[in-house]
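[1] Sequence plus the predicted model coming up.
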Amino acid sequence: MSIIFIFLFISIVHSDIPLDVPSFSIDLDHAPIDRWSDIIPNFAQPMNEFNIAIRAQIPQVFIDAAEIIVTRLEEHIPQPYYDELYSIARSISMPLADIVLINLVYELRTYCTSLLVRTSNNTIIHGRNLDFDLNTDLLRRLTFHVKFFRTSNPTFNYESIHFAGSIGLLTSSRSGYFSLSINQRSTDDKDWWMNALMSILHLHSLPLFIITRSIFDNSIMSYQDMKYILQNRHLIAPVYFIITDGRSSGMIITRNRLNSINPIELNSTLVQTNYDHWLDDPSNDPRRTAAENILQSFNSTQMTQDNIFDIVLSVIPVLNKLTVYTAIMNPGEKQDIFAKIRTLKPRQ
């Protein structure tokens with residue numbers, strides 16, 4: 001009863017009108033230089049606005065380093081992803097350095113709530129709210145759904161909830177195989193921007209947008225293969241990987257740049273925000289605690305997509321003014337990603 005009361009109270013004092021997410025498709029059999037040319041021009045204005053905004057908000061030294069990376073891009077970004085970045089830049093006449101910068105900002109600023117829930121029919125629901133603390137309204141205008149496929153292989157496809165300009169995957173599902181969401185891991189590293197760039201320049205670590213695409217673009221990749229890569233591949237920044245095969249297994253992988261620590265496997269429910277799961281939520285950010293308390297009040301038959309969306313991912317503070325979108329994946333049911341752009345605001 002208390003959960004219902006809270007939900008009704010929040011509905012009275014706040015307004016959120018979930019919006020549909022526009023959808024596109026990409027044939028991976030097409031040349032990489034052409035894959036994004038029909039999609040990105042639809043987002044030219046908000047992409048330019050976002051680029052101007054982030055250049056004004058992030059340290060200049062980070063921008064300078066991104067421009068250095070571009071001068072040696074072929075050393076750091078393998079094909080076909082080099083050509084995809086160039087394709088995006090060409091399609092809206094934006095400098096390639098700015099596209100690289102946008103990709104790095106997208107993957108280094110994801111303040112999110114991700115959850116895994118085992119249902120009564122033995123599938124696993126994978127839900128997430130993606131929160132972004134830079135220019136949230138612009139990010140809503142840059143959000144779309146994309147289905148990747150190969151004409152040459154009718155059985156191969158996967159989906160992503162995407163930000164225009166990015167080639168990587170923050171929220172993605174391959175039906176019948178696995179799903180993935182990525183949350184930023186909060187640390188005390190005050191120089192994390194520069195450390196991330198130095199990892200690319202001097203340690204030859206791959207950005208997440210390359211690692212995630214190389215996993216999902218591989219038609220023979222298994223859940224166990226993905227799990228091994230995400231636990232062991234050197235990264236440019238600490239993150240959390242939330243993964244499931246949709247049927248029997250799911251887990252949270254907590255990553256440093258070089259290794260994983262304290263992985264936790266799914267029993268009935270798991271919730272991850274931006275803090276290590278073995279620590280308490282900070283007092284000013286109780287998103288994980290709020291979601292866990294609601295899930296603990298459910299019985300197994302209440303673990304449904306509708307309830308996860310309506311009662312867990314739509315309740316403050318799990319839903320908040322920085323939430324760009326909500327996505328629910330269920331790779332075990334072989335369902336498309338259900339996603340809505342969120343617009344939470346106080347009622348006038």
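    Ah, there it is. Numbering: from 1, shown residues only.
[2] What is the neighbour count of residue 42?
    For residue 42, the neighbour count with other Cβ atoms under 10 Å is 15. Where you see a C-beta, it was placed from the backbone N, CA and C, and this is true even at glycine.
[3] per-residue pLDDT, it?
    Listed pLDDT for residue 42 reads 97.
[4] quick one: the strands in the stretch 1-150 of the chain?
    14-15, 23-27, 110-118, 124-132, 143-150 (DSSP state E, counting those that start in this stretch).
[5] Run through who's touching the last one.
    Right, strand 143-150. 21-29, 39, 43, 156-164, 216-217, 219, 324-325, 337, 339, 341 (Cβ atoms under 8 Å, 6 or more residues apart in numbering).
[6] In JSON lines: the strands of the stretch 1-150 of the chain, plus mean neighbour count.
    Shown next, in JSON lines, are the strands of the stretch 1-150 of the chain (neighbours: other Cβ atoms under 10 Å):
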{"stretch": "strand 14-15", "mean neighbour count": "14"}
{"stretch": "strand 23-27", "mean neighbour count": "15"}
{"stretch": "strand 110-118", "mean neighbour count": "25"}
{"stretch": "strand 124-132", "mean neighbour count": "27"}
{"stretch": "strand 143-150", "mean neighbour count": "19"}
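[7] Tell me which of those strands lies nearest to residue 186.
    strand 110-118 (8.4 Å; Cβ to Cβ).
[8] roughly how far is the closest one from the heart of the chain?
    Distance of strand 110-118 from the chain centroid (Cα atoms, centre = their mean, to the nearest Å) equals 10 Å.
[9] Repeat that for stretch 72-79.
    23 Å.
[10] which one of the strands of the stretch 1-150 of the chain lies closest to residue 261?
    strand 110-118 (17.6 Å).
[11] so what does the closest one touch, helix or strand wise?
    strand 124-132, strand 178-184, strand 239-244, strand 250-255, strand 269-272, helix 287-296 (3 or more Cβ pairs under 8 Å, 6 or more residues apart in numbering; DSSP states H and E).
[12] if we can go back for a sec, would you list the buried entries among the contacts of strand 143-150?
    Buried subset of the contacts of strand 143-150 (neighbour count, 16 or more other Cβ atoms under 10 Å): 21, 26, 28, 39, 43, 156-164, 216-217, 324-325, 337, 339, 341.
[13] Test my guess that residue 176 contacts residue 246.
    Yes. Using Cβ atoms under 8 Å, residue 176 is in contact with residue 246, at 7.4 Å.
[14] Quick check: neighbours shared by the two?
    The contact lists of residue 176 and residue 246 share 331-332, where a contact means Cβ under 8 Å, 6+ apart.
[15] These two: which is more packed in?
    Counted by other Cβ under 10 Å, residue 176 and residue 246 do not tie: residue 246 has more neighbours, with 27 against 13.
[16] Name the SS class of the more buried one, please.
    Residue 246 carries the three-state label coil when classified by DSSP: H, G, I helix; E, B strand; the rest coil.
[17] Burial check on the residue nearest to it when sequence neighbours are not counted, number of neighbours?
    Of all residues not flanking residue 246 in the chain, residue 332 sits nearest, at 2.9 Å (Cβ to Cβ, 6 or more residues apart in numbering). Residue 332: 24 surrounding residues under other Cβ under 10 Å.
[18] Residue 332: what's it in contact with?
    Per Cβ under 8 Å, 6+ apart, neighbours of residue 332: 122-124, 176, 244-247.
[19] Just send the helices and strands packed on strand 110-118 back as a markdown table, with distance to residue 261 and mean pLDDT too.
    Shown next, in a markdown table, are the helices and strands packed on strand 110-118 (distance: least, Cβ to Cβ, whole Å; pLDDT from 0 to 100):
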| stretch | distance to residue 261 | mean pLDDT |
| --- | --- | --- |
| strand 124-132 | 22 | 97 |
| strand 178-184 | 15 | 96 |
| strand 239-244 | 11 | 97 |
| strand 250-255 | 5 | 98 |
| strand 269-272 | 14 | 98 |
| helix 287-296 | 18 | 96 |
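[20] Mind putting these into TSV with distance to residue 263?
    Shown next, in TSV, are those (distance: least, Cβ to Cβ, whole Å):
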stretch	distance to residue 263
strand 124-132	16
strand 178-184	14
strand 239-244	9
strand 250-255	5
strand 269-272	11
helix 287-296	17
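[21] Please report the distance of the closest residue to residue 240 other than its chain neighbours from residue 288.
    Distance criterion Cβ to Cβ, 6+ apart; nearest residue to residue 240, sequence neighbours excluded, is residue 183 at 4.3 Å. Here residue 183 is placed at a distance of 10 Å from residue 288 (Cβ to Cβ, to the nearest Å).
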